[in-house]
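Asks: my questions are about this predicted structure, shown below with the sequence.
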Amino acid sequence: MSKREIGGFTDETINGTDISRFEDEKMSRLRRQNIGFVFQFYNLIPHLNVEENIMLPLLLDGKRMRDYWKQLNHILEFVGLSDRRKHTPRQLSGGQQQRVAIARALIGSPEILFADEPTGNLDSKTGAEIMHLLRDINRESGQTIIMVTHSPEAAKSSSRVITVRDGVIE
């Protein structure tokens, strides 16, 4: 298997660190501290409000919420959810829930953000809004985003497209 580099990552290294022999605990810590994840189905905790869902990864990592209030406020403003911070997921639209998921992925200032079909559960208008938000995040903060999608529309909005067909990078 040949190594390919994408945004400082190869198939066995992340920013020069060989992760191929990491134990589960070390790999979990690396994911929590260095990688943000956005999923198609949001993966929000139903009984937690927007703030709590966003801050959850930090709490799981033993960090104090009060140390991240300024960053939380900035992210909520950026994703357009400042007025929804106390709402639970069932009180939000699908697009708003995906914005919470994006904010949660960003709160720890990850080196890279992986987005797995981030528009797959949304209507076309809302999907386009989410893609615009991801582009803004990339442009304004320089955040590396790797997105997996089957959507040609979503792929068009990316700065670089890598096609995988039958398990092979084309």
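Replies: Looks like it arrived, so ask away. All values derive from a computational prediction rather than experimental measurement. Numbers count the residues shown, from 1 in each chain.

Asks: please make it C-alpha for all contacts and neighbour counts, starting now.
Replies: Will do.

Asks: give me the number of residues near Asp67?
Replies: For Asp67, the number of neighbouring residues by other C-alpha atoms under 10 Å comes to 9.

Asks: I'd like to know how far it sits from Ala103.
Replies: Asp67 sits 16 Å away from Ala103, going by C-alpha to C-alpha, to the nearest Å.

Asks: and if you look at Glu111?
Replies: As judged by C-alpha to C-alpha, Glu111 and Ala103 stand 14 Å apart.

Asks: Lys86 now?
Replies: Noted for Lys86: a distance of 14 Å to Ala103, by C-alpha to C-alpha.

Asks: more neighbours, those two?
Replies: Summary of the neighbour comparison: Lys86 and Ala103, criterion other C-alpha under 10 Å, with Ala103 having more neighbours (25 against 14).

Asks: state the distance from the more buried one to Ile75.
Replies: The separation that Ala103 has from Ile75, given C-alpha to C-alpha, amounts to 6 Å.

Asks: overlap of the contact sets of the two?
Replies: When contacts are counted by C-alpha atoms under 8 Å, 6 or more residues apart in numbering, Ala103 and Ile75 are jointly contacted by no residue.

Asks: low-confidence ranges, the chain, go.
Replies: Counting by pLDDT under 70, the chain shows low-confidence ranges at 1-11.

Asks: where is the longest helix in it?
Replies: Among the elements of type helix in the chain, defined by DSSP state H, the one spanning the most residues is helix 124-141.

Asks: immediately after that one, which helix or strand?
Replies: Per DSSP states H and E, the first helix or strand lying C-terminal to helix 124-141 is strand 144-148.

Asks: same for that next one, what does it pack against?
Replies: Judged by 3 or more C-alpha pairs under 8 Å, 6 or more residues apart in numbering; DSSP states H and E, strand 144-148 is in contact with strand 112-116, helix 124-141.

Asks: only alpha carbons, please: show the shortest one as CSV.
Replies: Included here for strand 112-116 are C-alpha records, laid out as CSV according to Å, rounded to 0.1, in the frame of the first residue of the first chain:
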residue,chain,number,x,y,z
ILE,A,112,-8.6,18.2,11.1
LEU,A,113,-12.4,17.8,10.7
PHE,A,114,-13.9,14.7,9.1
ALA,A,115,-17.4,15.1,7.7
ASP,A,116,-19.2,11.9,6.7
